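Undergrad: next input, structure requested:
(2 chains)
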Amino acid sequence: MNSLDPRVSRLPQVGQEGKIFPKAPLDQFGTYEVFVQSKEGKPFQHEGIVHAPNLELAYVLAKETFTRRFTCVSLYVVDTRDVFVSPLTDGNRNVYDLLDDVNDDEGKNKFEIYHLAKRGKQHMYAGTVVAASVGGALSKAKAQFGKEKIVYNVWAIETSNIRFTQHEERELWLTLPEKKFRDAAEYKGGGKLKNFLESSSKS
Amino acid sequence: MYGGGNTFEGIKTDSITLEDPIKLAEFEARIERGEKIEPTDWMPQLYRKQLIRMIEQHGHSEIIGALPEGTWITRAPGFKRKMALMAKVQDEVGHAQLLYSAAETLGKSREQMIDDLITGKSKYSNIFNYPTFTWADCCFISWLVDAGAIVNQLANAKGSYGPYCRALDRICAEESFHLKYGHHCVIYLASGTKKQRDMFQEALNRWWPPMMHFFGPSDKISTHTEVLMKWKVKMGTNDDMRNQFLDMYVPKIWELGFTIPDPKLKKNIETNLPAGQAGRWEYTEPDWEEFKRVINGDGPCNKERLEVRRVAEERGKWVREALKTPKTKYVMPLA
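TA: Residues are numbered from 1 along each chain as shown, chains lettered A, B, ... in the order given. Now for the predicted structure:
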């Protein structure tokens, strides 16, 4: 291909120009939800998704997609299919009022609970509960953190399905503050601009 | 960066009459109250279709927009500029990921969007079909094309669709570095040697017409957008966005002593306008025939841009094949 860009000119010819063959069903990566903790002591927050062939690669892609810039101390990913999602309510309707109470005190599974406190915002971590099933987890969540404010949507994720950040991986983000060339505040052209304007008004 | 608040194809509004009037009224009341629409809410077909198009094209513009700047990474003047440009290009590609995810919540798969870009079915911002001959062209994009993109993105971040707004909030926060970096580059050229100044002036002459096209066709010829404005899919008319851009950046370009290649460009302070706006810019009517021609494939770089994307897709195929596993499954994102 003839191009101003030497790298483009060197590209090998593959496939057929302008044509892409239909993808096989498995040639579509799975979907994983990404949760980020921006500072120590702050709750985890849902940030978005990545597509990946497995949980481990989802973790790597999530780090690149969501934590290149602003501060981050921890991140986790989970297969979208492992997130239980309640219906979405509005107005004064608390979503917990729509969910049936399930009593399963015998359970030992841990669940992470996420709340949507305002439409348009991100889902935020509310707390962790122990139960036998998702239903039981939601009943406990309702009793523990569902009474104070209206919750419009609730997610429950079984903790054992999550790929967490290991302690030693926390150093992934240690160099973030050093990357000043990604920081708007590092580009102060004001002095140079002022000198330029002064010298050009004299001449 | 971003390809303007417009979606390049005309829309048909007749499907609205087939919608359930009660649900439609509830939907419109929710938007009227300033509440966001979330993926599981009921929405009119036209709203869904139009948002998919708009967000998808925005995503494609980020991917394709990384190409004219990316070509300058190896030739950027100095280590610092290389580092910054690399970070910027990585950001743009990252923004595409966020936008594709937002479009996916409306029901179109990522792979389908990628395919539609390569086959030419989906459009992207027209401005990236022009070549970057010199470093100054790259600086023009970093500063002014990004500035235009931010005008659009800040407006759209106040729109009605939750996932798109959240993606845009994140994108706008990251873009602040791009804009400062771009301005910094241009100040250095402006205050440099005559050769450097001439180089930027020539870039400005080349890029001004596509920059005026960037915000989409004039309101006089633009297709019917009232219903999209009412649904907060579109947050301002093309001319409003263009005017806002001129208002913010023409003085900054003039301040640096450059000439904008349009003898008719001036601000008319006597125009009657809603409160808060001081005046309207007048300019030579952009060549909309050229805009149409380039959008439809006949620009200087259309073919190369898509071919680069297609080759990347083809060359990555064996990796995707190797990673195939029945354990994962593509599903729609949650929010």
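
Undergrad: every contact and neighbour count from this point should use C-alpha atoms.
TA: OK.

Undergrad: tally of neighbours for residue 95?
TA: In the absence of a named chain, chain A is used. The local packing of residue A:95 (other CA atoms under 10 Å in any protein chain shown) involves 21 other residues.

Undergrad: I was thinking of chain B, sorry if that wasn't clear
TA: Burial of residue B:95 is recorded as 29 neighbouring residues (other CA under 10 Å).

Undergrad: swap in the one 4 residues further on?
TA: Other residues near residue B:99 number 26, with proximity taken as other CA under 10 Å.

Undergrad: pLDDT at it, what is it?
TA: You'll see residue B:99 listed with a pLDDT of 98.

Undergrad: touching, residue A:55 and residue A:161? I think so.
TA: No. Checked against CA atoms under 8 Å, the pair residue A:55 and residue A:161 is beyond contact range at 9.4 Å.

Undergrad: these two: which has the busier surroundings?
TA: More crowded of residue A:55 and residue A:161, by other CA under 10 Å: residue A:55, with 21 against 14.

Undergrad: list the contacts of that one.
TA: For residue A:55, the contacting residues are A:32, A:77, A:78, A:79, A:163, taking CA atoms under 8 Å, 6 or more residues apart in numbering or on different chains as the criterion.

Undergrad: residues touching the fourth one, list them.
TA: By CA under 8 Å, 6+ apart, residue A:79 lies in contact with A:30, A:31, A:32, A:33, A:55, A:161, A:162.

Undergrad: how close does it get to residue A:50?
TA: The spacing between residue A:79 and residue A:50, counted by CA to CA, to the nearest Å, is 10 Å.

Undergrad: between the two, which contacts overlap?
TA: Listed as contacting both residue A:79 and residue A:50 by CA under 8 Å, 6+ apart are A:31, A:32, A:33.

Undergrad: what helix or strand does the first one sit in?
TA: When you say that, I think you mean residue A:31. Residue A:31 is part of strand A:30-37 when elements are defined by DSSP states H and E.

Undergrad: pull out the CA atoms of that strand and give them to me as CSV.
TA: Listed next in CSV are the C-alpha coordinates belonging to strand A:30-37 (Å, rounded to 0.1, in the frame of the first residue of the first chain):
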residue,chain,number,x,y,z
GLY,A,30,-16.5,-13.2,26.7
THR,A,31,-17.6,-10.1,28.7
TYR,A,32,-16.1,-9.2,32.1
GLU,A,33,-17.2,-6.5,34.6
VAL,A,34,-14.5,-4.3,36.0
PHE,A,35,-14.5,-2.7,39.5
VAL,A,36,-11.9,-0.2,40.7
GLN,A,37,-10.9,1.2,44.1
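
Undergrad: any residue of the helix or strand following it touching chain B?
TA: Using DSSP H and E, the helix or strand that directly follows strand A:30-37 along the chain is strand A:45-52. Yes. Strand A:45-52 comes into contact with chain B when judged by CA under 8 Å from any CA of the partner chain, the residues involved being A:48, A:49, A:50, A:51.

Undergrad: show me what strand A:45-52 packs onto, helices and strands only.
TA: In this structure, strand A:45-52 packs against strand A:30-37, helix A:55-66, strand A:124-131, helix B:79-104, with contacts taken as 3 or more CA pairs under 8 Å, 6 or more residues apart in numbering or on different chains; DSSP states H and E.

Undergrad: okay, buried residues for the third one please.
TA: Of the residues in strand A:124-131, A:124, A:125, A:126, A:128, A:129, A:130, A:131 count as buried by neighbour count, 16 or more other CA atoms under 10 Å in any protein chain shown.

Undergrad: how about the last one?
TA: Of the residues in helix B:79-104, those buried by neighbour count under the rule 16+ other CA under 10 Å are B:81-82, B:84-104.

Undergrad: ok, now stretch B:323-330?
TA: Residues of stretch B:323-330 classed as buried by neighbour count (16+ other CA under 10 Å): B:324, B:325, B:328, B:329, B:330.

Undergrad: the buried residues of strand A:124-131 into TSV, with extra columns for distance to residue B:317 and pLDDT?
TA: Formatted as TSV, the buried residues of strand A:124-131 follow (distance: CA to CA, whole Å; pLDDT from 0 to 100):
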residue	distance to residue B:317	pLDDT
A:124	37	97
A:125	37	98
A:126	41	97
A:128	41	97
A:129	43	96
A:130	43	96
A:131	43	95
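
Undergrad: identify the farthest-apart pair in these.
TA: When those are compared pair by pair using CA to CA, the farthest-apart members prove to be A:124 and A:131, with a separation of 20.4 Å.

Undergrad: show me the shaky parts of chain B.
TA: With pLDDT under 70 as the threshold, chain B has low-confidence stretches at B:1-11, B:223-224, B:271-278.

Undergrad: okay, strands next: where are they in it?
TA: Using DSSP state E, the strands assigned to chain B run over residues B:266-268, B:280-282.
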